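In: What shape does this take:
(chains A and B)
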2 protein chains.
Amino acid sequence: MLHWLQHYRRAMLPGDISAGIVVAMMMIPQGMAYALVAGLPPVAGIYASIVPPLLYALFGTSSTQSVGPMAIISLMTASTLAPLAAPGSALYGVLAAQLALLSGAVLLACGLLRIGFLANFFSRPVMSGFTIGSALLIAWGQLRPLVGGMPPELHLPSALLGLGALALLAWSRSYLAPVLRRAGMAPAAADIGSKLAPMLVVIGATALVAALGLDARGVATTGAVPAGLPGLNLATSSGHWQALLQPALLIGFMVFLISMSGAQALALKRGEKLKSNRELVGLGAANIGSALSGGFPVTGSMSRSAVNFSAGANSQLASIITAALLALALVAPSGWLALLPLPVLAATIIVAVLGMLDLSLLRTAWRYDRADAAALLATASGVLVLGVEAGVVVGVALSMGALIWRASRPHIAVLGRIPGSEHFRNIDRYSTETAPGLLMLRIDAGLFFGNVEAVNERIEDELAAHPATRHLVLVLSAVNAIDTSALFGLAELNTSLKQRGVLLHLAEVKGPVMDRLKESSLLQALHGRLFLSAAKAWDDLVDS
Amino acid sequence: MLHWLQHYRRAMLPGDISAGIVVAMMMIPQGMAYALVAGLPPVAGIYASIVPPLLYALFGTSSTQSVGPMAIISLMTASTLAPLAAPGSALYGVLAAQLALLSGAVLLACGLLRIGFLANFFSRPVMSGFTIGSALLIAWGQLRPLVGGMPPELHLPSALLGLGALALLAWSRSYLAPVLRRAGMAPAAADIGSKLAPMLVVIGATALVAALGLDARGVATTGAVPAGLPGLNLATSSGHWQALLQPALLIGFMVFLISMSGAQALALKRGEKLKSNRELVGLGAANIGSALSGGFPVTGSMSRSAVNFSAGANSQLASIITAALLALALVAPSGWLALLPLPVLAATIIVAVLGMLDLSLLRTAWRYDRADAAALLATASGVLVLGVEAGVVVGVALSMGALIWRASRPHIAVLGRIPGSEHFRNIDRYSTETAPGLLMLRIDAGLFFGNVEAVNERIEDELAAHPATRHLVLVLSAVNAIDTSALFGLAELNTSLKQRGVLLHLAEVKGPVMDRLKESSLLQALHGRLFLSAAKAWDDLVDS
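Out: Here you go, the predicted model:
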């Protein structure tokens, strides 16, 4: 804990300060926008950006991760809460905090149980499909606030403001950095400068609303915002807690996956090492902190963390500075927030999520591995058609299916002797000699419940192809482990082969595997023999 | 389809006839008993034993599998239907048929989609734990009908009848076969004879009830049974169909697992080959048939199939004969069924399920692999504490967790050169030489989303342990596949290493893997080189 603080050097301070300021400028419009996505008042996004990063700095391991509201997690929050309460109601806010508390508890528990390894199991195509589907869903949901009505119907002043902001933001996304560079800024600074466009657009639009009195002409704004953090309120019925439990599991899972995929990309750039169980604890603490300070579920955001990183963040001090600046924005006179036009926030959301629509993985997968491309498209369709939670389930099911399919196809080679040598090789790849009555198979995978049937099937196939076989030698040089299911499988194979006049022999059993087998009755029951090497088996069995 | 019929030889007939008769004698009491476990009138067990085996004979692949009611599937049926309808009500019977229809549809769909491989994924310890938990749960549920009341309260005539039958059945289970052998029967015949004890006990008890008028003295009996198959009735509200969908998935899954584990044990004895996708279709058809003929979910029963096998069944004709005999029992005057005492049926259930309490796997696992023993106990406890459906979920979760854990720990060896040779071996096992600045790692597993993080972590660890490294060579001789996630992982590793002054090289890439990689941009982007062999990499990189 606070490992980074013990090793803090003064030279790291300037980078942390500048990154802290830049990310705060980015966080204010983003936090408010993602609160809207979650169905909450914009100010909740500011609340959720203060305590969570502080707690993450205390418990997490990434030095540049920026924890706070994030589009996809907000979408999941909204889809969980929509059937339970009316957006904007007091109950809705309480349920959002409860959801953050439960998600945090799930993350914390997983971290303490050290089961972070479970989260390796969303393949990248599935993650990409999930992101694409969610981004489209979020963008679609913002169309209405963008133009102040359901298209084709629209509210003209709102639509002009929203579409104008959208055009400006889309332009700056692609062209602002080059313009700044041509104006003489250093490339890195120009890149960072372009990330502040949403803040500038939001400030400009707010000024415009104030100057033209657009709020009186029907443009929706955030409205009055109470100063300071809200009071703590987490009490509802136990029925609500129960309804939130399963969504909290899914949200906790996605919080971890989204945060890790971003943090890992940055950690790779620095040769920094993340500890997944510590990350779980950090994210769990951040979500519990969010719940206790009027927020909603939060996670590490890839886009913000990347800005934090390139703006020079050297440690979590940058995030602490960001949090302090957001707290200041709350205690400072916050009247300015009241006139912030919602169509402009909708525009910032749409531009941000459409930036997540990265199709390069789909293109690569389409060329490289059609099954992965299909998994990506299936997950994206799952999110779009069945909703974001069903999308997670589809993604997990596809990833698990792929894993099972892979595990159930172990590589098995029929071995022959390279003439005149003691070497045994795959007969399909080398020119080898075999002996009638002797079948030697090398299994290139640990034996466990997932492949025991596949191994059995392959053995039966080979026996059918070599009907003269009297001795079957399993060469276990690549078998690192044999679990209980496979142990029983081998014992049954031993018995069944004997009934058909074939002896089962084992060769090249590894030390640790042999130690285990000695604890079982397989070795005594074995009708065949145990050979130290394939060559020894050949010599003894071909002569006999 | 009907492959066995095309190859039927007259010599197979006597075995099939005798097995058909023996299994029918076993099936009548068992079918009725398991109908009771499912919460249905006993006659439903006879219905479920006629059409399903006929359809399985048409579509399935095992020659000796006996398909019909089975204790665990009946328990799952009861636990699904209990909250939806009162046992014994007409609605309950309709829902049981619907459940069979849905389970059958699930099985059929899985078979047609050819995803039978998914069912390899219940490890044996988990399956054993599930069976043990279910057996205890079923036995516990039969205590009340056994003694005609909730102990310590009991109904004396019922209790005498039930406990007497229990003692007799328990005795014959262990001692009848030896007695028959000593009386001069052949060992095989004596074994089969002992399996008919339940039928004899049931007949004797029914005669006793009739002779002593025990039904008038309060002993519960099956009551009047309508002759012939019942009319078709599957119509209820759509809400019911929805409530049955998820249980049908679980039941379909367990039907397949239970049937396969039994059939595979027998297939091994005969060197017969089962096709899992064909089995799915056969079991699916059997359950749909059960639904259409007044039955409930059915599966292949290990105990009945074993009797079928040892009584001489050579083909599915044996099962067809069994089905014909059960149909005869229905159209024959079935008044005799009315006086069958329920305490005796309860006794047959208890003896049958306690026979499933096989602790040998637990004992073996306890000695051989403590983690497998823990999975067994956790699954058994899950069934006992949370119920049978939650038990399936616990079992799947444990099996998947084990699979993920295993996949996320690929074996990776640091290679060194055996001095004076072109051979490269694990430096921990062989005495080898290494070169400063050159790190060679052999990855002994296909690269995919499940281990890409683990591989990255290991590489970072090795780089930290060898800080002078300038060239990292990944020796891919054992890598059979690289999926899209791992492709991106390698590309990122390539970039990240370059930033730290390390070049990434690949060596001994297999042909099929190379063909795939050529479709990607990794090879062009690679900062290091591609070597045909580890020796070539050593020669070129150590000189440079």
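
In: Output stretch A:121-137 as CSV, nothing but the C-alphas.
Out: Extracted C-alpha coordinates of stretch A:121-137, given in CSV (Å, rounded to 0.1, in the frame of the first residue of the first chain):
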residue,chain,number,x,y,z
PHE,A,121,-11.3,-15.1,-19.5
PHE,A,122,-12.9,-12.6,-21.8
SER,A,123,-11.1,-12.9,-25.2
ARG,A,124,-10.2,-9.7,-26.9
PRO,A,125,-12.6,-10.2,-29.8
VAL,A,126,-15.4,-10.7,-27.2
MET,A,127,-14.3,-7.6,-25.4
SER,A,128,-14.2,-5.6,-28.6
GLY,A,129,-17.6,-6.8,-29.6
PHE,A,130,-18.9,-5.8,-26.2
THR,A,131,-17.4,-2.4,-26.5
ILE,A,132,-18.8,-1.8,-30.0
GLY,A,133,-22.3,-2.9,-29.1
SER,A,134,-22.3,-0.8,-25.9
ALA,A,135,-21.0,2.3,-27.7
LEU,A,136,-23.7,2.1,-30.3
LEU,A,137,-26.3,1.6,-27.6
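
In: That one and chain B in contact?
Out: Yes: Stretch A:121-137 comes into contact with chain B (Cβ under 8 Å from any Cβ of the partner chain), by way of A:Phe121, A:Phe122, A:Ser123, A:Arg124, A:Pro125. C-beta: built from backbone N, CA, C; applies to glycine.

In: Now do that stretch: distance to the chain's middle.
Out: Between the centre of stretch A:121-137 and the centre of its chain there are 9 Å (Cα atoms, centre = their mean, to the nearest Å).

In: Not counting its neighbours along the chain, what's nearest the closest residue to chain B within the stretch 151-300 of chain A?
Out: Closest residue of the stretch 151-300 of chain A to chain B, Cβ to the nearest Cβ: A:Leu268 (4.2 Å). Nearest in space to A:Leu268, with sequence neighbours left out and distances taken as Cβ to Cβ, 6 or more residues apart in numbering or on different chains, is B:Ser496 at 4.2 Å.

In: Doesn't the one you found lie inside a helix?
Out: Yes: checked against DSSP: H, G, I helix; E, B strand; the rest coil, B:Ser496 lies within a helix.

In: my guess is the residue of the stretch 151-300 of chain A closest to chain B contacts B:Glu492, does it?
Out: Yes: A:Leu268 is within contact range of B:Glu492, at 5.6 Å (criterion: Cβ atoms under 8 Å).

In: what about the two, which has more around it?
Out: A:Leu268 (20 against 16; other Cβ atoms under 10 Å in any protein chain shown).

In: ok, and that one, which helix or strand is that part of?
Out: helix A:238-270 (DSSP states H and E).

In: Tell me the helices and strands packed up against that helix.
Out: helix A:71-81, helix A:90-112, helix A:276-292, strand A:299-300, helix A:302-310, helix A:388-407, helix B:452-465, helix B:484-499 (3 or more Cβ pairs under 8 Å, 6 or more residues apart in numbering or on different chains; DSSP states H and E).

In: Just the angle for the last one relative to helix A:238-270, thanks.
Out: Angle between the axes of helix B:484-499 and helix A:238-270 is 40 degrees (criterion: axes from the mean of the first three to the mean of the last three Cα atoms, to 10 degrees).

In: Compute the inter-axis angle for helix B:484-499 and helix A:388-407.
Out: 90 degrees.

In: Show me what helix B:484-499 is packed against.
Out: Under the contact rule (3+ Cβ pairs under 8 Å, 6+ apart), helix B:484-499 is packed against helix A:124-147, helix A:238-270, helix A:360-368, helix A:370-386, helix B:452-465, strand B:503-507, helix B:522-525.

In: got it, and the fourth one?
Out: Helices and strands touching strand A:299-300, as assessed by 3+ Cβ pairs under 8 Å, 6+ apart, comprise helix A:238-270.

In: where's A:Ile482 relative to chain B, distance?
Out: Look at A:Ile482 and chain B: by Cβ to the nearest Cβ, to the nearest Å, they are 9 Å apart.

In: I misspoke; the intended subject was A:Gly129.
Out: Distance from A:Gly129 to chain B, by Cβ to the nearest Cβ: 12 Å.

In: residues contacting that residue?
Out: Applying Cβ atoms under 8 Å, 6 or more residues apart in numbering or on different chains to A:Gly129 gives the contacts A:Ala375, A:Leu376, A:Leu377, A:Ala378, A:Thr379, A:Ala380, A:Gly382, A:Val383, A:Gly395.
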